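Curious how this folds, go ahead:
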Amino acid sequence: MGEQTKTSARIAGPREAGEGGAPPVNDSAFARWLADRAGQVLLQVRQDTGYSDGKALKTAGDQAAHELLRAELARWRPADAVLSEEDEHSRTAWIEGEPTLTRPDRLDANRVWIVDPLDGTREFSEEGRDDWAVHVALWTADSSAPARLTAGAVAMPARHCTLATDHAPAYPPMPLEAATGGAIRIAASRTRPPAFVTALAEEIGAELVPMGSAGVKIAAVINGDADAYVHAGGQYEWDSAAPVAVALATGLHASRIDGTPLTYNQADPKLPDLVVCRKDLAPRLLAALQRHLPSE
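Below you'll find the predicted structure:
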């Protein structure tokens with residue numbers, strides 16, 4: 001372990017963070033700008049807080065990135081609604097007629113920013129790990145874009161890399177090994193890969209590539225470092241909206257594991273499963289998935 005000195009984190013306040021000129025007008029470029037700003041704040045939190053108290057570091061990171069994203073969206077996109085993981089009641093499903101619930105504004109909004117201030121909180125709190133990310137996506141009700149995701153950015157600050165829809169990466173080429181009959185690579189949780197994913201990999205002759213953060217796993221598919229990401233353990237919309245926006249802009253396949261389209265800004269923000277992969281691999285993978293899905 002490195003230096004454990006614990007100091008109070010210096011986090012740029014909302015007004016300070018917005019200084020330095022106006023952000024891009026274009027929504028995709030704005031998403032990149034916003035994710036990068038939150039990423040810089042998170043790097044500063046890591047530096048100032050240290051790693052001796054992982055729980056405190058996770059809390060400080062979540063809070064700092066959430067506050068920056070909320071403040072900048074209120075400043076530069078005040079008419080838009082926001083769904084953030086760190087919002088109070090963010091996980092609560094809206095049920096029509098339930099008297100104890102207040103209908104979220106986002107359900108009547110035309111534009112909703114779906115953000116995960118810190119994806120891969122565990123990895124963020126571990127010194128030396130770089131597989132954590134910031135997600136910023138824009139859902140637009142009247143858009144014809146796939147999943148109605150019109151902009152997205154995935155910042156991976158510790159890797160000094162941001163993937164976004166303003167300059168979508170080129171479609172990843174098929175690896176020579178896979179093209180010549182070798183194993184394909186499936187990005188999987190490094191701490192708790194689902195049993196069905198292991199069984200799936202054995203059937204189709206795939207290699208599991210462990211890593212943290214849903215955004216980093218999908219980024220690995222986008223970059224060609226993995227061929228697929230499969231998840232069926234229960235996620236929320238903010239876990240995948242931004243990386244799926246970039247994956248779709250790149251030309252990759254993204255759907256529920258039964259092949260139906262992904263949908264966002266739903267009354268219930270849970271999005272229990274998804275698969276992201278190269279298009280040529282999707283028919284084979286979806287067919288195999290039907291034989292290995294976990295029981296309800």
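
Ser213 - nearest residue in space that isn't next to it in sequence?
Gly120 (2.9 Å; Cβ to Cβ, 6 or more residues apart in numbering). (C-beta placed from N, C-alpha, C; glycine too.)

That neighbour: what's it in contact with?
Residues counted as contacts of Gly120 (Cβ atoms under 8 Å, 6 or more residues apart in numbering) are Asp131, Trp132, Ala133, Gly212, Ser213, Ala214, Gly215, Val216.

And for Leu69?
Leu69 touches Leu34, Ala38, Val82, Ser84, Val115, Pro117, Val136, counting by Cβ under 8 Å, 6+ apart.

mind putting those residues in CSV, pLDDT and secondary structure included?
Formatted as CSV, the contacts of Leu69 follow (pLDDT from 0 to 100; DSSP: H, G, I helix; E, B strand; the rest coil):
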residue, pLDDT, secondary structure
Leu34, 98, helix
Ala38, 98, helix
Val82, 97, strand
Ser84, 95, strand
Val115, 98, strand
Pro117, 98, strand
Val136, 98, strand
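
Determine which two of the residues you listed are furthest apart.
Largest separation among these by Cβ to Cβ: Ala38 and Val82, giving 13.2 Å.

more crowded one of the two?
Ala38 (29 against 19; other Cβ atoms under 10 Å).

correct me, but that one touches Ala155?
Yes - counting by Cβ atoms under 8 Å, Ala38 touches Ala155, with 6.8 Å between them.

Common neighbours of these two, please.
Residues touching both Ala38 and Ala155 (Cβ under 8 Å, 6+ apart): Val134, Val136.

where does the stretch 151-296 of the chain dip in pLDDT?
294-296 (pLDDT under 70).

all strands for it, in order.
For the stretch 151-296 of the chain, the strands defined by DSSP state E, counting those that start in this stretch cover 161-164, 185-189, 207-211, 228-231, 253-255, 274-277.

Need the residues that contact the fifth one.
Read it as strand 253-255. Contacts for strand 253-255 (Cβ under 8 Å, 6+ apart): 146-147, 244, 247-248, 261-262, 274-279, 281-282, 286.

I'd like to know which of those residues are buried.
Burial by neighbour count, 16 or more other Cβ atoms under 10 Å: within these this picks out 146-147, 244, 247-248, 262, 274-278, 281-282, 286.

Let me know the closest of these to Ile222.
Ala247 (5.6 Å).

That closest one touches Lys217, doesn't it?
No - the criterion here is Cβ under 8 Å, and Ala247 misses it with Lys217 at 10.8 Å.

if I look at the residue nearest to Ser213, how far off is Thr92?
Using Cβ to Cβ, to the nearest Å, Gly120 is found at 23 Å from Thr92.

Could you do Val221 as well?
According to Cβ to Cβ, Val221 stands 31 Å off from Thr92.

who's more crowded, the two?
More crowded of Val221 and Thr92, by other Cβ under 10 Å: Val221, with 27 against 16.

OK, contacts around that one?
Contact analysis of Val221 by Cβ under 8 Å, 6+ apart lists Pro172, Ala187, Asp227, Ala228, Tyr229, Ala247, Leu252, Val276, Cys277, Arg278.

Thank you kindly, that will do.
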